[in-house]
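> sequence first, then the predicted structure, then my questions.
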Amino acid sequence: MPGDTSGGDGQGRRALILVENLSVPFDRRVWQECTTLRDAGWEVHVICPRGEKRDTEPEAVIDGVHIHRYPLRAATGGPAGYLREYGSALWHTLRLARRVGPVDVVHACNPPDLLFLPALWLKRHGARFVFDQHDLVPELYLSRFDRGEDLLYRAVCALERRTYRAADIVLATNESYRDVALRRGGRRPEDVFVVRSAPDIDRFHPVPPEPELKNGKPHLLCYLGVMGPQDGVDYALRALAKLRDELGRTDWHAVFVGGGDAFDAMVELSRRLGLTEHVRFTGRVPDAELVRYLSTADVCLSPDPRNPLNDVSTMNKVLEYMVMGRPIVSFDLREARVSAGEAAVYAADDDEGEFARLVARLLDDPEERARMGKIGQERISGPLAWRNSQRALLAAYAAACRDQVPVSAGGPVRKGKRHRR
């Protein structure tokens, strides 16, 4: 691991975290980063959009973290809608950053790769820039819009290059992303730190199963996550139709938890496939309700198809299935294997029929399900535990702040003096 954690002591220092695609603390990764920095003595501020049903207050201080939220309408209508969304987000981010005042570190989480613009403004006032690369936006563009390497693709590649160039330190969510930062971003190995996402095991743990959630069936299948065009919910639904029609299995009920811009289309696809009686879509639910479903599930579904983004991305749902001790059926993706190992079984080549057969195999083998679930929990509490990522995050901040004089709203302050407004 490059760097050390000696500069992780944030006494007298302020960090500003910029997020555009989720509210905080709903964004679990960002919230864990916030609380890790807070515990290391940093004064942490976050600028993010407001949520629709939660995180709706414009200003909040939660567990000592200062959160500044702005109104944002999610994009519709393709790339033009995203340009409108991102333009609004940038304006609000700059407006609120001025209100927060000088900071020692500006920590920008993509997508989009546009937050380097407010980061550059803050750098001119003495901040160091940490780029937290949650997604590879060029691969996201290819996977989501199916437009090929057109003008907009070249534009997002240029924005990614600008972001890499502006950043003092890069946080990668896995080794595949780190390789991209080194190869495509031209970053030095000592400037790129792997900070893997991980569930909060103190808050996210199994509870006694509730058989009534199975809707009168012997087995419960569960999908958790965003429902966008690249997330494979359509693959899962077609696989469930094959489970019923080709394998003759009707001894299951399935719950799809989450939302996204493909939600309505997936509900309609379920209707067209005749799955309405077998499948329930809950939308986004509170953590307590989510835990109930996952604790009751016999098999969890990770149907992300192979595409330029999914193959190299760590799926949060896979990690959350693992912490709950659930066996997983996934397509055979590089980073899915890195995360889950033997806690999952893998269908090759986006084969929905094989996906259905693997679900059926696990439903018939409770001992194998238990073995896989135990492997997943051991991996989350061991090599994939958040405590490892905490050390990497603090080492990254130490590297970013090396030789920097701390900043406060009134100008430089002596190291060790806590800023107060």
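Structure received. Residues are numbered from 1 along each chain as shown.

> what pLDDT does the model give the residue nearest the centre of the chain?
Nearest to the mean C-alpha position of the chain, counting by CA atoms, centre = their mean, stands residue 316 at 5.7 Å. You'll see residue 316 listed with a pLDDT of 94.

> now swap in residue 414 and tell me
With respect to pLDDT, residue 414 scores 38.

> hang on, the earlier thing: show the contacting residues for the residue nearest to the centre of the chain.
28-29, 197, 225 (CB atoms under 8 Å, 6 or more residues apart in numbering). No exception for glycine: its C-beta is placed from N, CA and C like everyone else's.

> give me the beta-bridge partners of the nearest residue to residue 344 once chain neighbours are set aside?
Nearest-residue entry for residue 344: residue 328, 3.8 Å, with adjacent residues in sequence omitted and distances by CB to CB, 6 or more residues apart in numbering. With DSSP bridges as the criterion, residue 328 is bridged to residue 300, residue 344.

> number of residues surrounding residue 328?
The tally of other residues near residue 328 (other CB atoms under 10 Å) stands at 25.

> tell me the spacing between it and residue 321.
5 Å (CB to CB, to the nearest Å).

> mutual contacts of the two, please.
In contact with both residue 328 and residue 321: 300, 302, 343, 376, using CB under 8 Å, 6+ apart.

> and these, which two are the farthest apart?
Within the shared contacts of residue 328 and residue 321, 302 and 376 form the most distant pair, 11.8 Å apart (CB to CB).

> now the common contact residues for the two.
Common neighbours of residue 302 and residue 376 (criterion: CB under 8 Å, 6+ apart): 321, 328.

> adding neighbour count and pLDDT as columns, could you present the shared contacts of residue 328 and residue 321 in JSON lines?
Output for these, formatted as JSON lines (neighbours: other CB atoms under 10 Å; pLDDT from 0 to 100):
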{"residue": "300", "neighbour count": "28", "pLDDT": "98"}
{"residue": "302", "neighbour count": "26", "pLDDT": "98"}
{"residue": "343", "neighbour count": "26", "pLDDT": "98"}
{"residue": "376", "neighbour count": "28", "pLDDT": "98"}
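
> just those now: which is nearest residue 401?
Distances from residue 401 to the shared contacts of residue 328 and residue 321, taken as CB to CB, are shortest for residue 376 (36.0 Å).

> ok, and that closest one, which helix or strand is that part of?
helix 366-381 (DSSP states H and E).

> flag every buried residue along that helix.
Applying a neighbour-count criterion of 16 or more other CB atoms under 10 Å, one finds 369, 372-373, 375-377, 379-380 buried in helix 366-381.

> try stretch 319-330
319-330.

> report the two of these separated the most.
323 and 329 (17.3 Å).

> could you list the low-pLDDT ranges of the stretch 51-200 of the chain?
By pLDDT under 70, the low-scoring segments of the stretch 51-200 of the chain are 75-79.

> cutoff 90 now
52-54, 73-85, 144-148, 200 (pLDDT under 90).

> need the helices for it, in chain order.
For the stretch 51-200 of the chain, the helices defined by DSSP state H, counting those that start in this stretch occupy 79-100, 116-123, 137-145, 151-166, 175-183.

> out of those, nearest to residue 355?
Closest approach to residue 355 among the helices of the stretch 51-200 of the chain (CB to CB): helix 137-145, 18.8 Å.

> grab the nearest non-local neighbour of residue 204.
residue 323 (5.7 Å).

> residue 246 is nearest to which of the helices of the stretch 51-200 of the chain?
Ranking the helices of the stretch 51-200 of the chain by proximity to residue 246 (CB to CB) places helix 137-145 first, at 28.0 Å.

> thanks a lot, catch you later.
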